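> okay, here's the prediction I keep looking at, along with the sequence it came from:
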Amino acid sequence: NAGVMQNPRHLVRRRGQEARLRCSPMKGHSHVYWYRQLPEEGLKFMVYLQKENIIDESGMPKERFSAEFPKEGPSILRIQQVVRGDSAAYFCASSPMRGVNTEAFFGQGTRLTVV
Amino acid sequence: AQSVTQPDIHITVSEGASLELRCNYSYGATPYLFWYVQSPGQGLQLLLKYFSGDTLVQGIKGFEAEFKRSQSSFNLRKPSVHWSDAAEYFCAVGALNNDMRFGAGTRLTVKP
């Protein structure tokens, strides 16, 4: 059973371009979470999704950021018109269910560099 | 909403010495508490978790943590640190919706 897969591992974008980060959860997991880790900072929650639904997006910036988790395929975190401040590591985690006695398993992250 | 504070940004210990990393949480109900470790350039690996029951939790790699409700703490300990333990450690608190909040992390340096 493969773990949470994120790709690409490293992504370089010029200012103004779009960044698309992909996350394939573990098999059987229908809950996905995205976190952002800025240099010298901890992990900041961004968004929590189930298949075809956004459950909690309280950590998402109001503009340029969007996330989806379609019925088929990976979850996508999209950043439009990237700026230097978007440079960070973006981690995806998945869990099999919502609620007690569950833990989230993390991918290795995508490191986005905006030049 | 839940929140986590890790008071120590950076800790240096000698190899073989004991270690304690502090974590304080804020949450109105029974928290679900986690410690993760992140090696440079890597993702997060779960060290241990507390959901209920025995307040002293054993994890992987010789780590343990103790949940103290009265102090709102979940400190991570290891009796004898190895050089390979050098990494960043994150405490996290989860709620029923499984939406975890992480502390800012504590970077551990191990001196030979």
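Happy to help now that I have it.

> what helix or strand is the most centrally placed residue in chain A located in?
Taking C-alpha atoms, centre = their mean, the centroid of chain A lies closest to A:Trp34, which sits 3.5 Å from it. Taking DSSP states H and E as the criterion, A:Trp34 maps to strand A:31-37.

> so does that strand get close to chain B?
Yes: looking at strand A:31-37 against chain B by C-beta under 8 Å from any C-beta of the partner chain, the contacts come from A:31, A:33, A:35. For glycine as for every other residue, the C-beta is placed from the backbone atoms N, C-alpha and C.

> tabulate the CA atom coordinates of the next helix or strand after that strand in PDB.
Following strand A:31-37 in sequence order, the next helix or strand is strand A:43-50 (DSSP H and E). C-alpha atoms of strand A:43-50 as PDB (Å, rounded to 0.1, in the frame of the first residue of the first chain):
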ATOM      1  CA  LEU A  43       2.800  23.900   9.300                       C
ATOM      2  CA  LYS A  44      -0.200  26.000   8.600                       C
ATOM      3  CA  PHE A  45      -3.500  24.300   7.800                       C
ATOM      4  CA  MET A  46      -5.000  25.400   4.500                       C
ATOM      5  CA  VAL A  47      -7.900  23.200   3.400                       C
ATOM      6  CA  TYR A  48      -9.700  20.000   4.200                       C
ATOM      7  CA  LEU A  49     -11.400  18.100   1.400                       C
ATOM      8  CA  GLN A  50     -13.400  15.000   0.900                       C
END
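
> got the contact list for strand A:43-50?
Strand A:43-50 has contacts (C-beta atoms under 8 Å, 6 or more residues apart in numbering or on different chains) with A:30-38, A:54-60, A:65, A:67-69, A:75, A:77, A:91, A:98, B:44, B:90, B:92, B:97-102, B:105.

> so which of the residues you listed are in strands?
If you go by DSSP state E, those have A:31-37, A:54-56, A:65, A:67-68, A:75, A:77, A:91, B:44, B:90, B:92, B:101-102 in strands.

> which among those residues count as buried?
Taking 16 or more other C-beta atoms under 10 Å in any protein chain shown as the criterion, what is buried in the ones in strands among the contacts of strand A:43-50 is A:31-37, A:55, A:65, A:67-68, A:75, A:77, A:91, B:44, B:90, B:92, B:101-102.

> measure B:Arg77 to chain A for me?
20 Å (C-beta to the nearest C-beta, to the nearest Å).

> and B:Ser18, by the same measure?
Separation of B:Ser18 from chain A (C-beta to the nearest C-beta): 24 Å.

> next, count neighbours for that residue.
Neighbour count for B:Ser18, taken as other C-beta atoms under 10 Å in any protein chain shown: 11.

> surely B:Ala86 is in contact with B:Lys111?
No: look at B:Ala86 against B:Lys111 with C-beta atoms under 8 Å: they stay out of range, at 9.6 Å.

> those two: who's more crowded?
A count of neighbours by other C-beta under 10 Å puts B:Ala86 above the other of B:Ala86 and B:Lys111, at 17 against 12.

> what's the separation between that one and A:Leu43?
As judged by C-beta to C-beta, to the nearest Å, B:Ala86 and A:Leu43 stand 19 Å apart.

> check B:Phe67 too.
Note on B:Phe67: its distance to A:Leu43, by C-beta to C-beta, is 21 Å.

> tell me which of those two has more neighbours.
Using other C-beta under 10 Å as the criterion, B:Phe67 and A:Leu43 rank with A:Leu43 on top: 27 against 22.

> isn't B:Leu56 right up against B:Glu66?
Yes: using C-beta under 8 Å, B:Leu56 makes contact with B:Glu66 at a distance of 5.1 Å.
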